[in-house]
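Chemist: okay, here's the prediction I keep looking at, along with the sequence it came from:
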Amino acid sequence: MLAGKGRGMMRCQQQWIKTYMFIHVCYLMNIIMHNILFLIKLSYDFFIFSLYFLFLLLSTMALLQLYSCPQCYKKFATHSNLKRHTENPNIHNIPYKRSRDQKRWKNHAKKQVSKEETAQRMRKWRAANRDKNKRNDLRCRVYRLARMKFQDDECIEKELFIKEQISRRLGRQRLLMNDKEERRYSTSSSSSSSSSSTTSSCTSSLPSSPSNNDFYYQSILPSLKSIDRSHSNSMIHKIQLPPLQSSPWYYNHKSPLLLQPNPTDRCYPAIPMNFTV
């Protein structure tokens, strides 16, 4: 009987031990599963955080990305700018081909002009613009002289020198032209005085057009410079003026007072003066 009780106690203890072990194992499994879930959650959070951080990193790199040229130190914000830079043939130590026709139209043939045509055109221009050509030559000579004297430095003395030389040389040219005109008038007056020896030839050689009146009287009458006071007094008595005459046509066709240059009652017909020397 005692043996049977001892066996029952042993069985109960074994059952209690089994249940305790089972409970302990379940507790441990619960702790392990809880830790595993925590780790899984932690890893998931870490994964999400790493993805977010990677996204921020990529976005900042995309915003701050600079496309650098592989052949030089330049960097560009966009790939199109880098492509345009690399396709440009005038960079990266490539010699730039300069030509006179680089701004001309594409496939536009340049007009070929020979030296003879250019010389002929310049010759025609000089013949048609002699005064302008003389002024240009004068200006070139003055600028060359100023460059030899003051070098290439721009200063007030150089400008004053250029202005003074140009004005002086232009005045000299004017004086030479005036002398030529006086000589021409003197030769024409001598020829006209020899041809007008008689009064008949003088009357026949009167100018018909009003444009030649000034030249005619300037060639016939002596210049004011050559007439002194005594000679002028003697010439006054020698000049015979025509008598004053009055015409009835003048009284009938009298113009208004405002239109008359010198309102008088006498009419002086335009009769050439004869000089008795």
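Modeler: It's in.

Chemist: could you use CA atoms for every contact and neighbour count after this?
Modeler: Fine.

Chemist: from residue 185, how far off is residue 179?
Modeler: Using CA to CA, to the nearest Å, one gets 10 Å for the distance from residue 179 to residue 185.

Chemist: the two - which one has more neighbours?
Modeler: Neighbour comparison, residue 179 and residue 185: the larger count goes to residue 185, with 15 against 12 (by other CA atoms under 10 Å).

Chemist: against residue 174, how distant is that one?
Modeler: For residue 185, the distance to residue 174 equals 16 Å [CA to CA].

Chemist: what's the answer for residue 55, then?
Modeler: Counting by CA to CA, the gap from residue 55 to residue 174 is 89 Å.

Chemist: pLDDT score assigned to residue 10?
Modeler: In this model, residue 10 is scored at 69, pLDDT.

Chemist: same check on the one 5 residues further on?
Modeler: Reported pLDDT at residue 15 in the predicted model: 76.

Chemist: for it, which residues are in contact?
Modeler: Going by CA atoms under 8 Å, 6 or more residues apart in numbering, residue 15 touches no other residue.

Chemist: what segments of the stretch 101-250 of the chain are strands?
Modeler: 239-240 (DSSP state E, counting those that start in this stretch).

Chemist: how about the helices in it?
Modeler: 115-128, 130-150, 156-195, 199-204, 213-220, 229-238, 248-252 (DSSP state H, counting those that start in this stretch).

Chemist: tilt between the first one and helix 130-150?
Modeler: Think helix 115-128. For helix 115-128 against helix 130-150, the angle between stretch directions is 100 degrees (axes from the mean of the first three to the mean of the last three CA atoms, to 10 degrees).

Chemist: quick check: mean pLDDT across helix 115-128?
Modeler: Mean predicted confidence for helix 115-128 is 91.

Chemist: for residue 67, give me phi and psi.
Modeler: Main-chain torsions, residue 67, degrees, to the nearest 10: phi -90, psi 110.

Chemist: and residue 48, how close does it get to residue 54?
Modeler: For residue 48, the distance to residue 54 equals 10 Å [CA to CA].

Chemist: can you give me the end-to-end span of stretch 122-134?
Modeler: One end of stretch 122-134 sits 14 Å from the other (CA to CA).

Chemist: between residue 179 and residue 185, what contacts are shared?
Modeler: By CA under 8 Å, 6+ apart, no residue touches both residue 179 and residue 185.

Chemist: immediately after the helix or strand containing residue 47, which helix or strand?
Modeler: Using DSSP states H and E, residue 47 sits in helix 2-63. Using DSSP H and E, the next helix or strand after helix 2-63 towards the C-terminus is strand 67-68.

Chemist: ok, that following strand: who's next to it in the sheet?
Modeler: In the sheet, strand 67-68 lines up against strand 75-76 (antiparallel) (DSSP bridges).
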